[in-house]
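Enquirer: can't give you the sequence, but here's the structure:
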């Protein structure tokens, strides 16, 4: 049944998004500092990148896949540097609310930054291709509808996790005063910075 690829993609997208890494930290920190919308857009950026890599695997786009995997060291290095930049910015972020015009720019940047960060892991393509093949629906060029449903499921499953995470964290937002947010910025900034340093070291070793 055509519904099966969608349901499989839904579960896969949720499971891929659930582990808390640098994107999860960014989502939590941005939700506390800037509100649920910013946190959700942070997650949706990652979900969109997951869907992109899922589409590359599902549609069997081997030329693009080989190119991205072949450039993975450079891409990961760039991603590691960007993580370090975000970590330092988080460490020094002000705790007072931003003006409305800056909030709009921040929300857009939240989506773009996490979309870019998630794209800096080209090995995700291989992971998707392996899982799809194991499910019997990987890279089937003769069944475009199944591939579309699978990718849609991946996006919605991932988005569902980010919706739950940003929603749950937003319930705690009112409990953080300026001092509490300073500590959130420091802890999140240091952890994101460490993720960036590890990514750089893994790329250059």
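Expert: Great, that's in hand. Since the model is a prediction, treat every value here as computed from it, not as a measurement.
Enquirer: where's the residue positioned nearest the centre of the chain relative to residue 165, distance?
Expert: The geometric centre of the chain, computed from its C-alpha atoms, lies nearest to residue 46 (Cα atoms, centre = their mean), at 2.5 Å. To residue 165, residue 46 is 11 Å away according to Cβ to Cβ, to the nearest Å. C-beta coordinates here come from the backbone N, C-alpha and C atoms, glycine included.
Enquirer: So the residue nearest to the centre of the chain is in contact with residue 22, correct?
Expert: No: with contact defined as Cβ atoms under 8 Å, residue 46 and residue 22 do not form a contacting pair (9.9 Å).
Enquirer: what do those two both touch?
Expert: Shared contacts of residue 46 and residue 22 (Cβ atoms under 8 Å, 6 or more residues apart in numbering): residue 117.
Enquirer: Under the pLDDT cut-off, which ranges of the chain? List them.
Expert: 1-2, 61-63, 65, 69, 95-105, 122-123, 125-126, 129-143 (pLDDT under 70).
Enquirer: need the strands for it, in chain order.
Expert: Under the criterion DSSP state E, the chain contains no strands.
Enquirer: Okay, helices next: where are they in it?
Expert: 3-17, 22-34, 36-58, 62-70, 72-91, 100-119, 123-134, 144-170, 178-204 (DSSP state H).
Enquirer: List the contacts of the closest residue to residue 162 other than its chain neighbours.
Expert: Of all residues not flanking residue 162 in the chain, residue 43 sits nearest, at 2.3 Å (Cβ to Cβ, 6 or more residues apart in numbering). Applying Cβ under 8 Å, 6+ apart to residue 43 gives the contacts 17, 23, 27, 114, 158-159, 161-163, 165-166.
Enquirer: Between the residues you listed, which sits nearest residue 50?
Expert: Checking these against residue 50 by Cβ to Cβ gives residue 158 as the nearest, at 5.0 Å.
Enquirer: Pull the contacting residues for that closest one.
Expert: Taking Cβ under 8 Å, 6+ apart, one finds 13-14, 16-17, 43, 46-47, 50-51 in contact with residue 158.
Enquirer: Thank you kindly, that will do.
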